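Q: Mind looking at a prediction? Sequence and model below.
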Amino acid sequence: MTRRVFQIPGRRQVGLAAALSLILAAQAPARAEPKLERVVTVTRHGVRAPTASPAALEAKTGRPWPAFPVEPGELTPHGAEALTQMGTYLRAVYAAAELLPATGCPAPNAVQVWADGAANRTRRSGQILADAVLPGCGLVARHGPVGAVDPVFDSGRICPLEPVVALAAIQSRTAGGIAVTDKPSEKAIAALKRILGPQACAAVPAACLDGPSTLVAEPNGLKIAGPLALAATVSENLLLEYAEGLPAEQVAWGQGSTETLATLLPAHRRSADLLRRTPEIAQFRAATLLRMLADLLQGEAPRGLGVPPLGASARLVMLAGHDTTLSNLSGALGVGWSLPGQPDPTAPDTTLAFEVWRHPETEARTVRVKIYAQTLDQLRTARPLGPRNPPVSLPLAIGICPARDGGCDLATFAAKVRAALPPVCVR
């Protein structure tokens with residue numbers, strides 16, 4: 001019988017094998033990295049004053065409210081500064097990805113900005129983004145007729161959803177419309193009730209925050225009535241006080257810590273989730289924007305009713321809208337997020353970025369979605385953003401087009417977006 005002898009490789013043999021592996025690895029062709037081809041961003045406008053005057057807010061809450069340095073609903077100087085920081089950071093991100101030139105200006109129309117013409121705060125925010133992303137290039141943020149509803153930011157005026165249909169859609173998510181509040185929003189209402197106190201309750205019955213919260217279908221739309229409605233408005237305005245950098249004694253009547261705001265904001269989140277993120281409602285309200293998004297990401301000029309005159313040559317399109325815009329996209333696309341250090345998922349300056357990445361080896365194109373947002377303290381201080389002070393930046397899964405790595409084939413994404421559009425909105 002022949003014996004087989006097994007030898008343990010010596011150090012020299014192991015070293016030769018390792019060297020051979022390195023040589024073979026060096027000879028193997030390097031795998032080409034995906035290249036960023038085009039991007040569409042959607043940004044909420046910068047920090048604004050509450051849309052109601054201090055006197056009107058006091059009449060609703062029984063507590064005095066501080067004055068902002070601008071008229072109700074207007075972008076503040078501090079808000080403009082904080083938004084400039086976000087725009088400057090986005091420029092750095094996309095210059096590093098070679099979507100924008102490191103210096104100088106890109107080709108004409110390579111970057112285009114469109115803002116909601118209905119409000120001054122969005123028109124100004126669009127121009128701030130244009131100046132920050134392409135400083136010194138004279139880029140003009142365009143918009144529709146001043147004061148007019150722009151279908152890009154609210155398609156409800158072009159293809160409205162019947163209030164009774166919207167009501168039924170929300171009721172399907174709220175046990176027949178009975179469970180309008182959830183546990184976090186109930187805790188928020190209770191916390192706000194303690195902050196407003198018995199004096200406010202005695203002065204204004206609504207400030208007692210008692211009774212049920214209900215869904216109401218009116219001829220011009222759907223709304224929430226009761227404690228959740230007031231808590232949602234008040235909590236957002238308290239966040240604006242903090243983000244504006246008002247003195248601590250003026251924020252939430254001296255109780256506006258980040259922890260307190262984190263407790264109160266679920267009321268605003270719950271209201272927005274029901275009224276803006278319910279898929280059937282979101283698909284109607286964002287119909288024009290969704291169709292435009294599918295076209296732009298495929299390198300096509302947007303088409304359809306109410307789309308703006310944006311060119312197919314744009315590598316970067318920036319849209320300046322509202323928190324409602326972000327919420328509608330979230331609900332329509334099945335994209336959700338939670339932001340560390342920021343209790344409001346659609347806070348001022350928050351930006352959704354839809355990116356198309358091309359794989360050089362296969363020419364396949366993938367859509368990835370990212371979100372950029374400042375923390376509460378970054379909004380409050382408006383400090384420059386950069387490697388040492390980055391905003392929150394997260395990749396997001398696309399609910400209507402799930403994939404293992406969070407991306408989605410571009411053609412599939414576009415097809416699913418168009419399929420989700422209500423037929424009445426496609427004209």
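A: Now that the structure is in, tell me what you want to look at.
Q: ok but Leu394 is inside a helix, no?
A: No - judged by DSSP: H, G, I helix; E, B strand; the rest coil, Leu394 forms no part of a helix; its state is strand.
Q: In contact with it, which residues?
A: If a contact means C-beta atoms under 8 Å, 6 or more residues apart in numbering, then Leu394 has 337, 339, 370-371 as its contacts. (C-beta placed from N, C-alpha, C; glycine too.)
Q: what sits opposite it in the beta ladder?
A: Ile371 (DSSP bridges).
Q: all strands for this structure, in order.
A: 35-44, 111-115, 142-143, 214-218, 221-225, 316-321, 351-358, 365-373, 392-396, 408-409 (DSSP state E).
Q: Next, format those as JSON lines and append mean pLDDT.
A: Output for the strands of the chain, formatted as JSON lines (pLDDT from 0 to 100):
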{"stretch": "strand 35-44", "mean pLDDT": "98"}
{"stretch": "strand 111-115", "mean pLDDT": "98"}
{"stretch": "strand 142-143", "mean pLDDT": "97"}
{"stretch": "strand 214-218", "mean pLDDT": "89"}
{"stretch": "strand 221-225", "mean pLDDT": "91"}
{"stretch": "strand 316-321", "mean pLDDT": "98"}
{"stretch": "strand 351-358", "mean pLDDT": "97"}
{"stretch": "strand 365-373", "mean pLDDT": "97"}
{"stretch": "strand 392-396", "mean pLDDT": "96"}
{"stretch": "strand 408-409", "mean pLDDT": "94"}
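Q: Tell me how far the nearest residue to Glu280 once chain neighbours are set aside lies from Thr412.
A: Leaving out its chain neighbours, the residue that sits closest to Glu280 by C-beta to C-beta, 6 or more residues apart in numbering is Ala169, at 4.0 Å. Distance, Ala169 to Thr412, using C-beta to C-beta, to the nearest Å: 26 Å.
Q: So those two - more neighbours on which side?
A: Ala169 (19 against 15; other C-beta atoms under 10 Å).
Q: and the more buried one, what is it in contact with?
A: 278-281.
Q: Repeat that for Asn120.
A: 74-75.
Q: how far away is it from Thr103?
A: Distance from Asn120 to Thr103, by C-beta to C-beta: 32 Å.
Q: now do Asp154
A: In terms of C-beta to C-beta, Asp154 sits 38 Å off from Thr103.
Q: Please identify which of the two sits among more neighbours.
A: Asp154 (23 against 6).
Q: Not including adjacent chain positions, what is the nearest residue to the more buried one?
A: Arg285 (6.0 Å).
Q: Would you agree that neighbour is in contact with Gly156?
A: Yes - look at Arg285 against Gly156 with C-beta atoms under 8 Å: they come within range, at 5.0 Å.
Q: more crowded one of these two?
A: Arg285 (29 against 19).
Q: now the more buried one: how far from Arg48?
A: 21 Å.
Q: residues contacting Asn389?
A: 378, 383.
Q: If you count neighbours, what's buried in stretch 132-139?
A: For stretch 132-139, burial by neighbour count (16 or more other C-beta atoms under 10 Å) applies to 132-134, 139.
Q: what does it contact?
A: In contact with stretch 132-139 (C-beta under 8 Å, 6+ apart) are residues 83-84, 86-88, 90-91, 94, 100, 105-106, 111, 113, 130-131, 316, 318.
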